[in-house]
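Asks: task: produce atomic coordinates for the following.
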Amino acid sequence: MKEKNVIRAGRLKYVQTMSDLADALGKKLVTVRNQKPYAAEGHPAPISSPTARNQLWDSEQTNAYYAGQPIPALSQVDDDEDLLDRHEAAEVLGIAPVSWNTYKKDPALAAGVILVPEGPKGTEHWPRRLVLAYKNSRPGRGAGGGRREGSGDMIPRDEILPRIAELLDADPAVTVETVSDTLGITKFPTAQAGLATLRGRRIADLVEAQPDLDPKAAALQLGYPTITHRGAITVAERELRARSDQPYLQHTADVLAAAGIAQQAQVEMRQLDGGAMAAAVVLDTDQPAAAAVWDSRYGWRTSTSRRHPIGKDTATPPEGEGIRYLGSGLRPEPEELLAALRDGRKGTKRPHTNP
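Replies: Next up, the predicted model:
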């Protein structure tokens, strides 16, 4: 039987990152990345999901493998204390991993998140019991008591999308009025915008899964009412553009982290006014710049803020002290960006590309 990719209950202390594996082998991390000894036939499988950005292994298994000893088997029985990454949690809920980014904001899930390994560079995991509890808890009709006339939203902002998602799961044609009455939130813009956002993301999920499908056909297949198509398709098209940029940005972020000048992290995309997208890679504190920011209109630039590296969206390219535009074009090779970040003489005060 094929082993499941999951951190089993009680096995957290044995979790091994690629950096840990490199140390155990007496090699540099970059050498292990290039040689990929973990891809050899018979090597213990990762305990992270196959598409996870940071691969993890069980150190008891890898130690046995490199010592030429029998590899101990891990339990294949699901336990409430198993730790699931975003891909595994999404699989339990039957949603795309990108949708989990919305669901995980639920207070119960946010409070129970565990970083593996512990620290700012760890990957988020959740105990299986929390994911199952979230799956089994659905908002009832009238939850929140309805919205009083003239009142604002009656649930915290970070709970709104996850709660709307539950209603959309139950009824793809759910109306703005039903969402407003059930959750106690305003019809416009809160309920309307939330439904459009979630429908758009799910249309994007389906188009990615079925590339021959266009967004309108995907909306019909998902059972969304025609009146909702325009707004949802607009969101879907932006979402798909963001997803097409994300692999390049994540690869660049990984290169900067491997070079020791940036924090290892999952790149998060942010939508700007007019449909533009931006993302930031926070640099280590010993670097001259606080962060490297990518903007779909202008390419890469430096930022002086670690807390809010992207800053406020403006109609013109950000300029000022500490801001340098780096690299050639919108998508320079990561090595070119790395060289520019290391050399303060490189870069320009204004972007090469300006719409």
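Asks: low-confidence stretches in the stretch 51-200 of the chain?
Replies: For the stretch 51-200 of the chain, the stretches flagged by pLDDT under 70 are 138-154.
Asks: show me where it has helices.
Replies: Ranges of helices in the stretch 51-200 of the chain, per DSSP state H, counting those that start in this stretch, are 59-66, 86-93, 97-103, 107-111, 128-136, 157-170, 176-183, 192-209.
Asks: can you redo the ones you listed as a markdown table with distance to Y298 and mean neighbour count?
Replies: Glycine gets a C-beta too; all of them are placed from N, C-alpha and C. Converted to a markdown table, those look like this (distance: least, C-beta to C-beta, whole Å; neighbours: other C-beta atoms under 10 Å):
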| stretch | distance to Y298 | mean neighbour count |
| --- | --- | --- |
| helix 59-66 | 44 | 17 |
| helix 86-93 | 30 | 20 |
| helix 97-103 | 25 | 19 |
| helix 107-111 | 33 | 13 |
| helix 128-136 | 39 | 17 |
| helix 157-170 | 29 | 19 |
| helix 176-183 | 36 | 20 |
| helix 192-209 | 24 | 21 |
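Asks: quick one: which of the ones you listed is nearest D343?
Replies: For the helices of the stretch 51-200 of the chain, proximity to D343 was assessed by C-beta to C-beta; helix 97-103 is nearest, at 35.0 Å.
Asks: look up how far E91 lies from the residue nearest to D78 when sequence neighbours are not counted.
Replies: Spatially, and ignoring its direct neighbours in sequence, D78 is nearest to R128 (6.6 Å; C-beta to C-beta, 6 or more residues apart in numbering). Going from R128 to E91 by C-beta to C-beta, to the nearest Å gives 11 Å.
Asks: for T17, same thing?
Replies: From T17 over to E91 (counting by C-beta to C-beta), the distance is 22 Å.
Asks: repeat for L167
Replies: 22 Å.
Asks: how about the strands of this structure, start to end?
Replies: 15-17, 56-58, 83-84, 114-116, 123-127, 270-271, 277-282, 291-295, 299-303, 325-326 (DSSP state E).
Asks: tell me which of those sits nearest to T348.
Replies: strand 325-326 (5.0 Å).
Asks: rounded mean pLDDT for that closest one, please.
Replies: For strand 325-326, mean pLDDT rounds to 97.
Asks: which strands and helices sit next to that strand?
Replies: Applying 3 or more C-beta pairs under 8 Å, 6 or more residues apart in numbering; DSSP states H and E, one finds that strand 325-326 contacts strand 299-303, helix 334-342.
Asks: which residues touch L326?
Replies: Contacts of L326 were listed using C-beta atoms under 8 Å, 6 or more residues apart in numbering, and they are 292, 299-302, 332, 337, 340-341, 346-347.
Asks: quick check: closest non-adjacent residue to it.
Replies: Closest to L326 by C-beta to C-beta, 6+ apart is A340, at 4.0 Å.
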